[in-house]
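A.B. asks: Sequence below, structure please.
(chains A and B)
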Protein chains: 2
Amino acid sequence: MSKQKNDTREVIDIDLAESKIEIKQLTKDLEFKGGRGLTSKCISKETDPCVHPLSEDNNFYIAPGLLSGTPCPNSGRCSMGAKSPLTGGIKETNTGGTLATYLARMGIALIKIKGKSKKENVIYIEDISKEEGNNNIKVSLHIVENVKGKQTYEAAKTLQDKFGSNACIVIIGPAGEKGYLASCLCITDIDGKPTRQAGRGGLGAVLGSKGIKAVVVKKPSKTKIDYIDKDNFMKNAKEFTDILKKSEVTSKSLPDYGTNVCMGAMNNSGALPTRNFSSGKFEGVDKIDGEALRNTILNRGANPTHPCMPGCIIKCSNTYNDEKGKELTGGFEYECIWALGANCGIDDLDYIAYMNRLCDELGIDCIEMGVTIAVIMESGYIDFGDKEGAVKLLEEIKKDSPLGRIVASGCVIAGAAFGVKRIPHVRGQGMPAYDPRGAKGIGTTYATSPMGADHTAGYTIADEIFKIGKDVSPLESKGKAALSKEFQQYTAFLDSIGLCLFITLATLGDDRGLKPAVEMLNSKYGINLNEEDICKIGNEMLQLEIEFNEKCGMSKYTNDVPEFMRKEKLDTHDSVYDVDEKELVEF
Amino acid sequence: MSKQKNDTREVIDIDLAESKIEIKQLTKDLEFKGGRGLTSKCISKETDPCVHPLSEDNNFYIAPGLLSGTPCPNSGRCSMGAKSPLTGGIKETNTGGTLATYLARMGIALIKIKGKSKKENVIYIEDISKEEGNNNIKVSLHIVENVKGKQTYEAAKTLQDKFGSNACIVIIGPAGEKGYLASCLCITDIDGKPTRQAGRGGLGAVLGSKGIKAVVVKKPSKTKIDYIDKDNFMKNAKEFTDILKKSEVTSKSLPDYGTNVCMGAMNNSGALPTRNFSSGKFEGVDKIDGEALRNTILNRGANPTHPCMPGCIIKCSNTYNDEKGKELTGGFEYECIWALGANCGIDDLDYIAYMNRLCDELGIDCIEMGVTIAVIMESGYIDFGDKEGAVKLLEEIKKDSPLGRIVASGCVIAGAAFGVKRIPHVRGQGMPAYDPRGAKGIGTTYATSPMGADHTAGYTIADEIFKIGKDVSPLESKGKAALSKEFQQYTAFLDSIGLCLFITLATLGDDRGLKPAVEMLNSKYGINLNEEDICKIGNEMLQLEIEFNEKCGMSKYTNDVPEFMRKEKLDTHDSVYDVDEKELVEF
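C.D. replies: Okay, here's the model as predicted:
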């Protein structure tokens, strides 16, 4: 097939300072790359590692995956990338919602946003092709009133009123406008609500620093996606669907209980970080676990089985109503419930859901907020379990008070301001919902990922806790650098083709693995990948990212967990994180 | 002389956790090292680079210089070292006062403080020898009431009442007790007032994290210092005195106008950082320069010519009275007057002096505070020139309010919290009083010093502005990496022998240079140094420090000034900082 290889996707190149917009073909070196593969490649190539993350010279990139927009199930993840305000290094954060699907169907591989806007605050992208096959994309800059300073739900509604109710909105909240380090990007879901977050690393502040409140993408009326061998593509899409349907996890546990199925599992394993990583078990777990969440959702007439993006057949997301049956939040997932729940000693789902909504409204990462509030609780400023106090801390962000500024700056700054030494982070990014001392593979991912502490960068939990691929002991430290590396390479590949991480909970346990996905890439683009290329491609991406970080000032010795996790035993296992430092440094 | 070489100095080793104190000989590898040479060597050897700076495992070191306590003029500087809470890397900060002299005369080369105290908050060191020649040092731990949370002047007084009015006190203020990143150590001067600061890098918070409020050193009644060849030592001490007396700068300008003689010079050169480094000239300079300061001091009956340490013959320090003639502050120097003055657009000496006193009372670095307040002013939270607003920001630290916590955390955290991109710092430490774009040698010192932005690490201003040694153009970028390196090596050597940096303003302009100092070392210790060894010794120290920083996570690419200084022209010279990045990286 290699003779036919063909990548017809285009790039939208926006120079805000000059109000100059160009739509052009992908350059040769960017062909057959997608998602994180494109964002990281472009950052590495075009962004000066010395820029201040909020500088107008910190380019902002959006890239759907290579399979996004196609009938491949669960391929609708969209990557966003820039130098991170939170970590000071390279960042890719990806999201569901309708974004990747719309862009890919318009034939767009990449949006590059550079410079700072003088007055326009919204970028609008629409397909104005009159005939099939002709790619006529229009990109325009707009001054939209009544969105500045507004929370995301209201501002998204204003934009949908203006640009159409089924447009996809990428929006930042007041946090991103203020440049707060933990700001995220909110993306509308299939219901048009901004419940999907590209949460980590503060990229909302990068878009904000460009003077842009939102990127609006009109739903395309037809698809521009072409295939070299459509029959083979469809055959493999079916095969891939079959893999996801055959897995108990992706066809039953996740649809029924959502990602919060992890809550009970992690608590049982004794690696559920509780009260700022001071215990591995939470006594209030029954009130906030998968069962409790599902029951509450069903009792209140909400939806426990909701897709985060078009074409998703796992549907591990949800909607959540308040006691009166009014929708309180959506996309209410394990990481958030853990961060603002167990990690803060809070066992009240309604409070946690309210805080999740507040984070979404402010446009701030709920994981970083949970980690930060727990660090502040550790200082004694408020107590663990003080749910009213936790809500008040988030409300301070709304007020732009000095306290709110500290909270919105994430766990490292909050730790410094409150004199706390136990700060669970790597490269300035707060750790997610798995204790490194109770699952040393995921700890190694936190320690070594170029993205900072990030479970999605190499989700070894699949093997360590869920035993999907291999049965790996979570407490064993030997071999964990290799395991994490393999997962990180695999994941980098997934992040470049638009596949949701959760498909690995099926593919790792199925002999067919990612073969159908590789075949779909080959049949769509006429390339010749095989399964061995997965780790190679992933590794190349990681190397580029690590090199960029070094130029940002991070030495290889930043590859480690914080001191306290090597010295203070986790109660449930009497274990510290003890993966050999040399293995991490040489990662 | 090498056959006779002899280093009889001792080490006080204090393990606070075990209340265990040992006094022992210097180990072989530490012999003939002093000051920063000892602190950096010990950190490199004994401190895990991964420790949190406020961890009990971050050892705290105190080391007088190799010539401290001797009749060598201006040799009374004392080094303190630890991993820095502010930079996250190695730190040596040095100070005048009576500390180095007392310790050296007791025969003490080094104090090592490790662990965390359970209840005792004061370390007391006294010489209890009954007879000449016998070194009988007693070190004891005490619980002293009424010092916790107290400001430094009051707490120092309480300690002098208890331990004797002529004891030297090393004390931290409320800022250090709270663990604030910009906390300093205050050391009593020859009048017993805590006006001398080991200011930079937050080491006050390190002592605070050990539960120690103060180290008290009783004035020794006799000296334990011995010499291999005292006659030769005295001859060279006289020679060295002659160099200092012959220099116009060290015998006239500095005694008359103090360090603030720099204010006019830097303004005239167009490299006086004004309003957060947005201009190189300050229109209010006449109200705060050397002349204005001297006149105010004399009119109010204070002292414009005060030594910062015993044996100082330059006497560039001062005391400063308020309008009613009551002493308001002491050690009121250029860097502080610049930081809280020109850099904040404030031209009122009384306000600046009040803020200097407030910083000393709180135990917080006045340079970092001035840089931080200017960054907050840049955000528009208060205006440049708002002197009442600036005072209020410092007073917030006293209250432990969230705003005070931000201010006390230094310029990088304040910049993040207030969304400011123009943050003049390197490695997290705010830049001192010389704009890198108007004096590119000092900019190179900021960029490359392992200590973070620090003028004292390699004071190229001596050549660039004062033309003492060579006449070097401040705006030329070529050769500045080499110039800065030479100065940094020279300075590292000075920091290890206890000599005040200002002696270079004489030695660089005198053919005899540092030869008498080298001869004094040889005659005291029986070693065989020559002038070529100066840079070799300095370079070895720098290499150890750079290696430690790399292990703390800093890659060689951290060697640079912030982005804005490479892009935004300094108004006075239409110049950016443009020293080749490669030269910095390869430093």
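A.B. asks: Going by C-alpha atoms from here, please, whenever you check contacts or count neighbours.
C.D. replies: OK.
A.B. asks: Tell me, how many residues neighbour whatever residue of the stretch 251-400 of chain A ends up closest to chain B?
C.D. replies: Across the stretch 251-400 of chain A, the shortest distance to chain B (C-alpha to the nearest C-alpha) belongs to residue A:400, at 9.4 Å. By the other C-alpha atoms under 10 Å in any protein chain shown criterion, the neighbourhood of residue A:400 contains 17 residues.
A.B. asks: what do you get for the one 10 residues further on?
C.D. replies: Taking other C-alpha under 10 Å as the criterion, the count of residues near residue A:410 is 32.
A.B. asks: What pLDDT is listed against residue A:316?
C.D. replies: On pLDDT, residue A:316 comes in at 93.
A.B. asks: The nearest residue to it once chain neighbours are set aside: what's it in contact with?
C.D. replies: Once flanking residues are discounted, residue A:316 sits nearest to residue A:258: 4.1 Å by C-alpha to C-alpha, 6 or more residues apart in numbering or on different chains. By C-alpha atoms under 8 Å, 6 or more residues apart in numbering or on different chains, residue A:258 lies in contact with A:290, A:304-305, A:315-318, A:333-334.
A.B. asks: May I see the buried residues of the longest helix seen in chain A?
C.D. replies: The residue-count maximum for a helix in chain A (DSSP state H) belongs to helix A:532-551. Neighbour counts over helix A:532-551 (16 or more other C-alpha atoms under 10 Å in any protein chain shown) mark A:534-535, A:537-542, A:544-551 as buried.
A.B. asks: Which parts of the stretch 51-200 of chain A are strands?
C.D. replies: If DSSP state E, counting those that start in this stretch is used as the criterion, the strands of the stretch 51-200 of chain A fall at A:60-64, A:78-83, A:90-95, A:108-114, A:122-127, A:137-142, A:168-171, A:185-187, A:196-198.
A.B. asks: Please give me every residue in contact with the closest residue to chain B within chain A.
C.D. replies: Taking C-alpha to the nearest C-alpha, chain B has its nearest neighbour within chain A at residue A:555, 4.1 Å off. By C-alpha under 8 Å, 6+ apart, the contact set of residue A:555 is B:550-551, B:553-556.
A.B. asks: if you set the cut-off to 6 Å instead, what comes out?
C.D. replies: B:553-555 (C-alpha atoms under 6 Å, 6 or more residues apart in numbering or on different chains).
A.B. asks: correct me, but residue A:6 touches residue A:523?
C.D. replies: No: Residue A:6 is not in contact with residue A:523 according to C-alpha atoms under 6 Å; the separation is 10.4 Å.
A.B. asks: which of these two has more neighbours?
C.D. replies: residue A:523 (23 against 16).
A.B. asks: Do you know the pLDDT at the more buried one?
C.D. replies: 97.
A.B. asks: neighbours of the residue lying closest to it once chain neighbours are set aside, just the number please.
C.D. replies: Spatial nearest neighbour of residue A:523, excluding adjacent residues (C-alpha to C-alpha, 6+ apart): residue A:229 at 4.8 Å. Residue A:229 has 15 neighbours, counted by other C-alpha under 10 Å.
A.B. asks: same deal with the one 10 residues further on?
C.D. replies: Counted with other C-alpha under 10 Å, residues neighbouring residue A:239 total 17.
A.B. asks: other SSEs contacting whichever helix or strand it is part of?
C.D. replies: Residue A:239 belongs to helix A:230-246 when assigned by DSSP states H and E. With contacts defined as 3 or more C-alpha pairs under 6 Å, 6 or more residues apart in numbering or on different chains; DSSP states H and E, the packing partners of helix A:230-246 are helix A:515-525.
A.B. asks: Could you check the angle the helix it packs on makes with helix A:230-246?
C.D. replies: Counting by axes from the mean of the first three to the mean of the last three C-alpha atoms, to 10 degrees, helix A:515-525 lies at 150 degrees to helix A:230-246.
A.B. asks: I'd like to know which elements helix A:515-525 is packed against.
C.D. replies: Looks like helix A:515-525 contacts helix A:230-246 (3+ C-alpha pairs under 6 Å, 6+ apart).
A.B. asks: Sort out which residues of the helix it packs on are buried, please.
C.D. replies: Buried residues in helix A:230-246 (16+ other C-alpha under 10 Å): A:232-234, A:236-237, A:239-241, A:243-245.
A.B. asks: Stretch A:199-219 now?
C.D. replies: Quick answer for stretch A:199-219 (16+ other C-alpha under 10 Å): A:199-219.
A.B. asks: and chain A, which of its residues are near chain B?
C.D. replies: By the rule C-alpha under 6 Å from any C-alpha of the partner chain, the part of chain A lying against chain B is A:51, A:179, A:402-403, A:405, A:417, A:419, A:551, A:553-555, A:557-558, A:563.
A.B. asks: Ranking by neighbours, what's the top pick from those residues?
C.D. replies: That'd be residue A:405 among the residues of chain A next to chain B, by other C-alpha under 10 Å, with 31 neighbours.
A.B. asks: what are the phi and psi values for it?
C.D. replies: Phi and psi for residue A:405, reported as degrees, to the nearest 10, are phi -60, psi -40.
A.B. asks: any idea how far residue B:416 is from it?
C.D. replies: 9 Å (C-alpha to C-alpha, to the nearest Å).
A.B. asks: now residue A:227
C.D. replies: Residue A:227 is 47 Å from residue B:416, by C-alpha to C-alpha.
A.B. asks: where along the stretch 1-150 of chain A do the helices fall?
C.D. replies: Using DSSP state H, counting those that start in this stretch, the helices of the stretch 1-150 of chain A run over A:35-46, A:99-105.
A.B. asks: what's the closest of those to residue B:569?
C.D. replies: Closest of the helices of the stretch 1-150 of chain A to residue B:569 is helix A:35-46, at 23.2 Å (criterion: C-alpha to C-alpha).
A.B. asks: what angle separates the closest one from strand A:60-64?
C.D. replies: Using the same axes, to 10 degrees: helix A:35-46 against strand A:60-64 is 150 degrees.
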